[in-house]
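> the following comprises the amino acid sequence and a computationally predicted model.
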Amino acid sequence: MDSNPVVFVVAKSLPEAWEQSLVQLAEKGTVIDTEYNEKSIDAPAVIVVEQPFAEPRIHLKGIVAGSLKGLLEYVDEVVNGVHDHLVEKFGYTYHERLFSYKLPDGRVVNQIEKVVEKLRKAPYTRRAQAITWQPWKDPESEHPPCLQRIWFRVVDGKLTMHVHMRSNDALKAAYMNMYAFTELQRYVAQRLGVEPGRYIHIADSYHVYERDWKWFKAFVEQIRSGESRKKWRTTDEFIKMISALEGVTK
């Protein structure tokens, strides 16, 4: 028997896929040490979301950003680069690596633009991809990018996207990652004039840190009982929630 079984999920929507992945991680995960002096429950994961824009698309439990609006701010960071001015302080942003990848010789490559150009010429290509890893510096970084590669292809008139993560906090990052990356999928699809299709999220290490095990166990029980579905929201409901909260704080 494999000592580190793979989490494998096929689901219709983002909330459903994320929940199923957590249940499988609880059932299949292996306790593995980390470089942060604590243990983790860990497994490789392949999460297939057949309709990433199906509603309800929002899972309130997956938004771990200080406020509900943090989910939209994270999308702005990944898709629109609103935090690229902080690259020198933090080392990278996903937007900077994907849209302004800096080579050692000083050249800058907009990989997403090249993906769009390639898919316009050959929608069936196997070469439309963007990477984040910079081998001349990331191996020595204390916090290198978790996202490694994004692969695109137009199939049956829809843009499919595969995301490859070297490391992914299943409880406190994965849902927000998947939500923001599918917004990037939507952006590229719009540039191509096609609809977004299937999304596949691949993580070499899909994990929950020891400090979060109690929360993790309780949430998995809520998923199994169906209680967690009360935290699912449509996009319209979510926007109304944010608007209402902003009205209260003003």
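That came through, no problem.
> tell me where this protein has helices.
14-28, 70-75, 87-90, 94-99, 111-121, 174-192, 213-225, 235-249 (DSSP state H).
> next, the angle from the longest one to helix 111-121.
It stands for helix 174-192. Put simply, helix 174-192 runs at 50 degrees to helix 111-121, going by axes from the mean of the first three to the mean of the last three Cα atoms, to 10 degrees.
> just the buried positions in helix 174-192, please.
174-189, 191-192 (16 or more other Cβ atoms under 10 Å). For every residue, glycine as well, the C-beta is placed using N, CA and C.
> rewinding a little: for residue 37, find the nearest of the helices of the chain.
helix 213-225 (15.4 Å; Cβ to Cβ).
> how far away from the center of its chain is that closest one?
With Cα atoms, centre = their mean, to the nearest Å as the basis, helix 213-225 stands 21 Å off its chain's centre.
> same question for stretch 36-47.
16 Å.
> report the mean confidence score over it.
Stretch 36-47 shows a mean pLDDT of 97 in the predicted model.
> do I have it right that residue 46 meets residue 200?
Yes: counting by Cβ atoms under 8 Å, residue 46 touches residue 200, with 6.9 Å between them.
> not counting sequence-adjacent ones, nearest residue to the residue nearest to the spatial centre of the chain?
The chain has residue 177 as the residue nearest its centroid, 2.4 Å off, counting by Cα atoms, centre = their mean. In space, residue 177 comes closest to residue 168 once its chain neighbours are excluded; the distance is 6.6 Å by Cβ to Cβ, 6 or more residues apart in numbering.
> for beta bridges, what are the partners of that neighbour?
residue 206 (DSSP bridges).
> low-confidence bits of the chain, can you list those?
Scanning the chain with the threshold set as pLDDT under 70 gives 1-2, 247-250.
> at 90 what do you get?
1-4, 65-66, 88-91, 142-143, 245-250 (pLDDT under 90).
> ok, the nearest residue to residue 238 once chain neighbours are set aside to residue 83 distance?
Excluding its sequence neighbours, the residue lying closest to residue 238 (Cβ to Cβ, 6+ apart) is residue 58, at 4.4 Å. From residue 58 over to residue 83 the distance is 22 Å, taken as Cβ to Cβ, to the nearest Å.
> before we move on, what about residue 131?
20 Å.
> what's the answer for residue 127, then?
29 Å.
> so those two - more neighbours on which side?
Taking other Cβ atoms under 10 Å, residue 127 and residue 83 do not tie; residue 83 has more neighbours (18 against 12).
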